[in-house]
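K.L.:
Could you work out the structure for the sequence below:
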Amino acid sequence: MTPASALGMIGRTSLGRLAALGRITRFAASTFSHMMRPPFYPREFLLALLQVGWLSLPVVALTAIFTGGALALQIYAGGARFNAEAVVPQIVAIGMVRELGPVLVGLMIAARVTSSIAAEIATMKVTEQIDALVTLSTNPMKYLVAPRVLAALITVPVLVGVGDIIGIMGGYVVATETLDFNAAAYLKNTVDFLELRDIVSSLVKGAAFGTIAALMGCYYGMQSGRGAQGVGQATKSSVEAAAVLILAANFVLTGVFFSL
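P.N.:
Reported below is the predicted structural model:
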């Protein structure tokens with residue numbers, strides 16, 4: 001491969017990525033516009049609330065409690081090298097609330113909800129149900145996309161808050177039952193160490209990650225190719241894009257909240 005052809009390939013790849021980012025941005029702008037203008041579909045919104053929120057709670061709770069417990073063990077083992085075992089409650093709290101809670105919940109939502117939305121909408125496209133909606137004068141963006149994105153925007157911060165609490169409690173159980181921490185002192189150190197900014201950043205990250213997860217599922221579902229292969233490709237691409245964008249957004253939001 002000559003240098004010119006290599007540069008050409010890099011240029012084409014970069015332009016393709018930028019074009020895809022532009023399409024996603026336009027799709028997101030259209031979604032938010034439709035969310036604010038009637039008609040609204042409360043039944044679809046409530047079903048999306050159930051799917052994104054309530055049905056995701058078990059996997060979020062299990063992920064958070066095991067992560068909190070493992071984090072307590074790791075911090076205790078690491079702190080023992082420097083006679084700093086007492087920092088376990090503080091580090092578990094700040095680690096769960098600032099980073100692990102929002103990121104792990106976001107990735108679980110990407111794995112569970114993004115893939116489900118993409119597969120559902122892609123299947124509707126393959127079976128021409130979306131064309132039927134258009135024939136019935138129903139805007140697919142309003143009927144399929146806006147309720148799901150709005151539901152994720154509202155419910156994922158709640159899931160993040162629940163995940164933070166359960167994760168901290170997982171660390172509490174391990175610390176008090178296995179590592180011989182005093183229960184009252186552990187809880188006091190946790191409460192005293194957390195700041196309002198930590199909690200706000202966690203909930204804002206949850207809202208951003210939920211929006212990203214739902215948008216990627218809807219976007220790739222709407223862009224799906226025909227046939228079973230198209231549905232599979234849309235599902236895979238949606239989860240990949242959601243996971244990468246969630247991690248990128250986490251980096252940006254962490255810089256915004258904690259670099260000031």
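K.L.:
pLDDT on stretch 120-140, on average?
P.N.:
Stretch 120-140 shows a mean pLDDT of 88 in the predicted model.
K.L.:
if I pick Leu153, what's in contact with it?
P.N.:
Going by C-beta atoms under 8 Å, 6 or more residues apart in numbering, Leu153 touches 207, 210-211, 214. The C-beta positions use only the backbone N, C-alpha and C, and glycine is treated the same way.
K.L.:
Please indicate which of these are buried?
P.N.:
For those, a burial check counting by 16 or more other C-beta atoms under 10 Å picks out 207, 210-211, 214.
K.L.:
Counting by contacts, list what the strand or helix carrying Ser238 packs against.
P.N.:
Taking DSSP states H and E as the criterion, Ser238 maps to helix 227-258. Here helix 227-258 touches helix 101-109, helix 115-126, helix 196-222, going by 3 or more C-beta pairs under 8 Å, 6 or more residues apart in numbering; DSSP states H and E.
K.L.:
Out of the buried ones among the contacts of Leu153, the closest to Val87 would be?
P.N.:
Nearest to Val87 among these: Ala207, at 30.0 Å, using C-beta to C-beta.
K.L.:
got a list of what that closest one touches?
P.N.:
153, 156-157.
K.L.:
Now go through the residues you listed and say which are in helices.
P.N.:
Those of the contacts of Ala207 mapping onto helices are 153, 156-157, per DSSP state H.
K.L.:
Let me know the closest of the residues you listed to Phe82.
P.N.:
Pro157 (35.7 Å).
K.L.:
How many neighbouring residues does that closest one have?
P.N.:
21 (other C-beta atoms under 10 Å).
K.L.:
That one is in contact with Val200, isn't it?
P.N.:
No. Contact criterion C-beta atoms under 8 Å: Pro157 and Val200 do not qualify, at 10.3 Å.
K.L.:
Looking at the contacts of Ala207, spot the one nearest Asn83.
P.N.:
Nearest to Asn83 among the contacts of Ala207, with distances taken as C-beta to C-beta, is Pro157, at 38.2 Å.
K.L.:
tell me the contacts of that closest one?
P.N.:
Per C-beta under 8 Å, 6+ apart, neighbours of Pro157: 203-204, 206-207, 210.
K.L.:
one more time with 6 Å, if that's ok
P.N.:
203, 206-207 (C-beta atoms under 6 Å, 6 or more residues apart in numbering).
K.L.:
from these, which is closest to Leu100?
P.N.:
Gly206 (12.6 Å).
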